[in-house]
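Trainee: output the structure for:
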Amino acid sequence: MNDPQSKLSRRRVFAGAGTLGALAAAAAVLPVAKEQAAPAGAGKAEADQPAGYRLTAHVQRYYQTTKI
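Mentor: Residues are numbered from 1 along each chain as shown. Below you'll find the model as predicted:
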C-alpha cells in the first residue's frame, strides 16, 4: 500500500529546488560572460606592454593620499 517510489519526499523536493536554483544562477551568469568578452583587436595593444606593476596617474594619486 505504501510504495516509497511513488511518494515525493520532502528531501527530494528540497534537493530539486536547490539544483534548479544553481542551474538558474549559472544560466543567468553565462550570457553576461559572453557579452563582456573583448574584441580580437583590443588585446593586441595590451600584449605589447610588459605585465606587472605600472606607475599610473591613479597609483600616484593614491600614494599622495597615504602621505602623512
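
Trainee: and the helices in this protein, which stretches?
Mentor: Here the chain has its helices, by DSSP state H, at 10-35, 42-48, 57-66.

Trainee: turn those helices into a markdown table, columns for mean pLDDT and mean neighbour count.
Mentor: Where C-beta positions appear, they are placed from N, C-alpha and C, glycine not excepted. Output for these, formatted as a markdown table (pLDDT from 0 to 100; neighbours: other C-beta atoms under 10 Å):
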| stretch | mean pLDDT | mean neighbour count |
| --- | --- | --- |
| helix 10-35 | 82 | 9 |
| helix 42-48 | 58 | 8 |
| helix 57-66 | 92 | 8 |
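
Trainee: and residue 54, how many neighbours?
Mentor: Counted with other C-beta atoms under 10 Å, residues neighbouring residue 54 total 9.

Trainee: now do it, the pLDDT please.
Mentor: For residue 54, the pLDDT comes out at 86.

Trainee: wait, what's in contact with it?
Mentor: Taking C-beta atoms under 8 Å, 6 or more residues apart in numbering as the contact definition, residue 54 lies against nothing.

Trainee: cool, and the one 3 residues further on?
Mentor: By C-beta under 8 Å, 6+ apart, the contact list for residue 57 is empty.

Trainee: that one and residue 50, how far apart?
Mentor: As judged by C-beta to C-beta, to the nearest Å, residue 57 and residue 50 stand 19 Å apart.

Trainee: again, but for residue 66
Mentor: For residue 66 relative to residue 50 (C-beta to C-beta), the value is 25 Å.

Trainee: and residue 12, by the same measure?
Mentor: With C-beta to C-beta as the criterion, residue 12 and residue 50 are 55 Å apart.

Trainee: may I have stretch 50-65 as CSV, with CA atoms only?
Mentor: Only the C-alpha atoms of stretch 50-65 are listed here, as CSV (Å, rounded to 0.1, in the frame of the first residue of the first chain):
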residue,chain,number,x,y,z
PRO,A,50,55.0,44.1,-20.2
ALA,A,51,52.8,42.7,-17.5
GLY,A,52,53.2,43.7,-13.8
TYR,A,53,53.4,46.8,-11.8
ARG,A,54,52.7,50.1,-13.7
LEU,A,55,53.0,53.5,-12.1
THR,A,56,50.0,55.3,-13.4
ALA,A,57,48.3,58.6,-12.5
HIS,A,58,45.8,56.7,-10.5
VAL,A,59,48.5,55.0,-8.4
GLN,A,60,50.4,58.2,-7.9
ARG,A,61,47.2,59.9,-6.6
TYR,A,62,46.8,57.0,-4.1
TYR,A,63,50.4,57.5,-2.9
GLN,A,64,49.7,61.2,-2.4
THR,A,65,46.7,60.3,-0.1
